[in-house]
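Model the structure of this input:
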Amino acid sequence: MPNPAHRYTVNVGFPVGCIGVTHENKIVLGGGGGPGRSGVQNKLSIYSLDDSSASLNLNAELVLSSDEDAPTCLAMHPKDKTFVCSINASAAEIKQGKNQNCRLFSYTKTKITKTKQATCVGSTSDVDYQKCIAMSESGKMVVGGATDGTLSVVHVPTLRPVFPFIDARSEINDVGFSNDEKWLVAATDSELRVLSTTNAELVRRIDDPRISGGERAVFRFARFGQTNTLYTVLNTRARNGAYIVVWSTEWVRSAMRRVSSSPITTFALGPRGLLAFATASLHVVVCDAKTLRVLMRVPAAHSFAITALAFDRDGKHLVSASADQTCQVYVLPDVWPTPLQTAVAVGRDYAQVIAIILVLGLAIVLALVLRR
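Reported below is the predicted structural model:
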């Protein structure tokens with residue numbers, strides 16, 4: 001498929017685990033080498049996009065403790081210069097039940113500062129961590145999901161629980177708020193739970209995910225769209241396909257489409273009616289969120305696992321990040337090619353390939369004839 005977006009590569013110098021975008025359209029990256037003496041620092045960094053020089057310009061950076069884990073997920077405040085990030089404490093503190101992993105940071109043009117922290121993971125094993133996090137539309141609540149099944153919802157900026165933490169009984173893959181903040185969603189491999197944000201009352205439970213034909217799958221991501229439509233990503237248990245399934249507010253499947261032959265590993269909803277995902281086969285894909293039509297597919301986007309994706313605030317850029325210590329910045333077109341234009345472009349590419357093959361074939365035949 002032709003790629004209608006221009007892109008450039010930026011080496012940021014550390015493995016990136018999470019991405020956020022500030023309300024001023026700055027890019028926030030978190031990552032590092034984790035605990036120990038790997039020589040790779042754990043960091044939070046803020047950059048500004050610069051298409052003219054094809055670069056990310058560093059604005060502010062905070063080097064974190066090498067005794068603690070690297071940042072695993074973050075969520076930006078929609079209006080204030082703050083964000084919440086999950087960083088596991090040292091192994092010793094975790095074993096003592098003192099893992100204050102949920103941390104609130106503030107930032108200026110040149111500085112990042114930690115302002116508050118709280119415990120949002122119930123486990124005392126340093127293997128467990130908060131895998132996903134999301135902030136509500138108003139910026140007043142943060143929901144987090146951990147590998148030990150801890151589902152936490154806390155107030156911002158106090159980081160005090162909205163209601164007692166919930167044990168989901170299995171690893172939580174994704175979390176999110178509805179736009180009106182009445183509901184939150186938590187996804188595990190085997191079920192989706194939609195809960196009330198006021199008292200954690202169960203609104204809807206969808207379990208035993210399957211695709212057409214009855215093949216079993218797992219819920220990998222779940223995000224509410226602009227009209228409280230719920231977008232879910234299903235990876236087949238056989239790891240031979242990935243589907244995007246859209247649910248109406250009546251909890252009926254309104255759309256389902258196979259979008260990849262490889263499991264989806266990260267997912268993002270963006271403005272301008274777009275969504276994006278990356279796959280285990282290192283593809284980055286952009287789709288129309290309404291029709292689920294693939295608009296752009298970039299193979300071999302990174303050389304190692306793609307860990308995070310984010311659209312900027314106006315939907316003109318998509319940033320992918322990887323454990324290979326690079327970010328790819330995709331400058332997205334204002335108008336995407338229509339299906340007909342895409343088909344014509346693909347046909348043109350195939351025609352060129354066929355023409356080259358025919359020329360090579362004729363050259364070989366001619367050479368054989370001349371040898372006689």
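
list the contacts for the nearest residue to K95 once chain neighbours are set aside?
Leaving out its chain neighbours, the residue that sits closest to K95 by CB to CB, 6 or more residues apart in numbering is T124, at 5.6 Å. Backbone N, C-alpha and C define where each C-beta goes, glycine included. Going by CB atoms under 8 Å, 6 or more residues apart in numbering, T124 touches 94-97, 99.

P333 touches R272, doesn't it?
No: contact criterion CB atoms under 8 Å: P333 and R272 do not qualify, at 10.5 Å.

Take the contacts of T124 and lay them out in CSV including neighbour count, distance to D128 and secondary structure.
Shown next, in CSV, are those (neighbours: other CB atoms under 10 Å; distance: CB to CB, whole Å; DSSP: H, G, I helix; E, B strand; the rest coil):
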residue, neighbour count, distance to D128, secondary structure
I94, 24, 8, helix
K95, 13, 12, helix
Q96, 11, 15, coil
G97, 10, 12, coil
N99, 30, 9, coil
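
for those, which one is nearest S48?
N99 (33.0 Å; CB to CB).

quick one: the strands in the stretch 51-200 of the chain?
55-64, 73-76, 82-86, 102-107, 112-118, 130-135, 141-146, 150-155, 166-167, 172-177, 183-188, 191-196 (DSSP state E, counting those that start in this stretch).

Need those strands in CSV (columns: mean pLDDT).
Listed next are the strands of the stretch 51-200 of the chain as CSV, based on pLDDT from 0 to 100:
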stretch, mean pLDDT
strand 55-64, 97
strand 73-76, 98
strand 82-86, 98
strand 102-107, 98
strand 112-118, 98
strand 130-135, 98
strand 141-146, 98
strand 150-155, 98
strand 166-167, 96
strand 172-177, 98
strand 183-188, 98
strand 191-196, 97
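
nearest to C287, of those?
For C287, the closest of the strands of the stretch 51-200 of the chain is strand 172-177, at 17.5 Å, according to CB to CB.

and that closest one, what other elements does it pack with?
Counting contacts by 3 or more CB pairs under 8 Å, 6 or more residues apart in numbering; DSSP states H and E, strand 172-177 packs against strand 130-135, strand 141-146, strand 150-155, strand 183-188, strand 217-224.

Sheet partners, orientation included, of that strand?
When pairing is defined by DSSP bridges, strand 172-177 lines up against strand 183-188 (antiparallel).

residues making contact with the strand it pairs with?
143, 145, 149, 151, 153, 168-178, 192-197, 203, 219-224, 228, 230, 232.

Quick one: buried ones out of those residues?
The neighbour-count test (16 or more other CB atoms under 10 Å) marks 143, 145, 149, 151, 153, 168, 172-178, 192-195, 197, 203, 219-224, 230, 232 as buried among those.

what residues are up against the closest residue to S196 other than its chain neighbours?
Excluding its sequence neighbours, the residue lying closest to S196 (CB to CB, 6+ apart) is V203, at 5.9 Å. By CB under 8 Å, 6+ apart, the contact list for V203 reads 183, 194-196.

Could you check which helix or strand contains V203?
Element membership for V203, per DSSP states H and E: strand 202-207.

buried ones in that strand?
Neighbour-count burial for strand 202-207 flags 203, 206 (criterion: 16+ other CB under 10 Å).

what about dumping the CA coordinates of it to CSV?
The C-alpha trace of strand 202-207 is given here as CSV (Å, rounded to 0.1, in the frame of the first residue of the first chain):
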residue,chain,number,x,y,z
LEU,A,202,-21.0,-3.0,37.2
VAL,A,203,-22.7,-1.4,34.1
ARG,A,204,-21.8,-4.1,31.6
ARG,A,205,-19.7,-7.2,31.3
ILE,A,206,-18.7,-8.8,28.0
ASP,A,207,-16.8,-12.0,28.3
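
Let me know the angle separating that strand from strand 217-224.
Strand 202-207 and strand 217-224 are oriented at 150 degrees to each other (axes from the mean of the first three to the mean of the last three CA atoms, to 10 degrees).

quick one: strands adjacent to strand 202-207?
Strand 202-207 has its sheet partners listed here by DSSP bridges as strand 191-196 (antiparallel).

coming back round to it: got a pLDDT number for the residue nearest to S196?
pLDDT recorded at V203 is 96.

where's the closest residue to R220 other than its chain neighbours, which helix or strand?
Once flanking residues are discounted, R220 sits nearest to V233: 4.5 Å by CB to CB, 6+ apart. Using DSSP H and E, V233 maps to strand 230-236.

Show me what the helix or strand just after that strand is packed against.
Counting by DSSP H and E, the next helix or strand C-terminal to strand 230-236 is strand 242-247. Applying 3+ CB pairs under 8 Å, 6+ apart, one finds that strand 242-247 contacts strand 230-236, strand 253-260, strand 274-279.

beta partners of I206?
Beta-bridge partners recorded for I206 (DSSP bridges): L192.

Which residues are in contact with it?
By CB under 8 Å, 6+ apart, the contact list for I206 reads 191-192, 247, 251.

follow-up on the earlier one: and the two most separated of the contacts of V203?
Of all pairs drawn from the contacts of V203, the widest gap by CB to CB lies between V194 and S196 and measures 8.5 Å.
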